[in-house]
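> Fold the following and give me the result.
(one chain, ligands or ions: 1)
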Amino acid sequence: MSKGYEKLLQILSEIRKITDFKPKVALVLGSGLGEYADKIEIAATVNYSDVKGLPTSGVTGHKGRFVFGYVKGVPVVIMQGRVHSYEGYTTEEATVPIRLMKLMGAEKLILTNAAGGVNPEFAPGDLMIIEDHISCFVKSPLIGENISELGERFPDMSDLYSKNIRSAIEASAEKCGINIKRGVYIQLSGPNYETPAEIRMCRALGADAVGMSTACEAMVAKHMGMEIGGISCITNMAAGICANKLSHEEVSLVAGRVSDSFERLITELVIRIG
Ligand code: HPA
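The predicted model follows:
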């Protein structure tokens, strides 16, 4: 057995002491979007800090727990707050919770985040379907011994954000009356926001939104054969696009402002794919 797999099974057994809930769909809620988890039919919760071996999150606006329960009858596990590598973890460590949600039984994964708008046609408050991503500025979470029990050494990354789920997000947005955008997400390391020159580089590379998470999570999920969907909440225009100074408070505030349409969209999406 690979060392990585053995470690994962050990952490899983810790969680299994608290709940044996088997989710179908896994959800990761980004900055300012976490309240959704309080509104589902909750069956159990597990704080990351209560599980030996799990990385923990200390970011304001991130609760740091798994919430298990039902969205309109669909069994889900929600990460209410994610772990970021800028908190001092390797990208491999920060994505352990994603691996665990697959081992719990989830075959589909919806990743959400707060992101800066790089595409000048976007505006704060927009929601964007992640069509693809650029991750090569952060270290791949797949570097190291391959966890061969979960996936192959050289996983394919085309159709990373599945066409099925992208269509389901689009249909859900239409049903909810949301004018959803589409684009490419780029992950940079954070925790600092980018410089205007870096944002010009992101745009030149083809990015529409920028953030500090998600791409690495999608990569480990794809390695394990999960079907993935991604939604960015554009909380601000990225550095240099408008004169505003960037702050985490603004990010949380704008994410909170769109939480109503975001929550309706997620519920509709879970029903469709669950
Ligand atoms: N840059 C990086 N991450 C972010 C931003 C941003 O402008 N907004 C929200 N998350």
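
> Centre-most residue in the protein?
Nearest to the mean C-alpha position of the chain, by C-alpha atoms, centre = their mean, lies Leu111 at 3.1 Å.

> Just checking the helix or strand hosting that residue against the ligand, any contact.
For Leu111, the host element (DSSP states H and E) is strand 108-117. Yes - using C-beta under 6 Å from any ligand atom, we find that strand 108-117 touches the ligand at Ala114, Ala115, Gly116. Every C-beta, even on glycine, is put in place using the N, C-alpha and C of the backbone.

> Also stretch 125-141?
No - judged by C-beta under 6 Å from any ligand atom, stretch 125-141 stays clear of the ligand, getting no closer than 11.7 Å.

> could you dump that stretch to CSV, C-alpha only?
Output of stretch 125-141 as CSV, limited to C-alpha atoms (Å, rounded to 0.1, in the frame of the first residue of the first chain):
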residue,chain,number,x,y,z
GLY,A,125,-21.2,40.2,-7.8
ASP,A,126,-21.0,38.2,-11.0
LEU,A,127,-21.0,34.4,-10.8
MET,A,128,-18.7,32.6,-13.3
ILE,A,129,-18.7,29.0,-14.5
ILE,A,130,-15.1,27.8,-14.4
GLU,A,131,-14.5,26.3,-17.8
ASP,A,132,-10.8,25.5,-17.3
HIS,A,133,-8.0,26.7,-15.2
ILE,A,134,-4.3,27.7,-15.1
SER,A,135,-2.4,26.2,-12.2
CYS,A,136,1.2,26.2,-13.2
PHE,A,137,2.2,29.1,-10.9
VAL,A,138,1.6,26.8,-7.9
LYS,A,139,3.2,23.5,-7.2
SER,A,140,1.2,20.5,-8.4
PRO,A,141,-0.4,18.6,-5.5
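
> Of all the residues in the least confident helix or strand in the chain by mean pLDDT, which ones are buried?
In the chain, no helix or strand scores lower on mean pLDDT, DSSP states H and E than helix 248-257, which sits at a mean of 90. Within helix 248-257, the residues scored as buried using 16 or more other C-beta atoms under 10 Å are His248, Glu250, Val251, Ser252, Val254, Ala255, Gly256.

> thinking the last one is in contact with Gly32, fair?
Translated: Gly256. Yes - with contact defined as C-beta atoms under 8 Å, Gly256 reaches Gly32; the gap is 5.2 Å.
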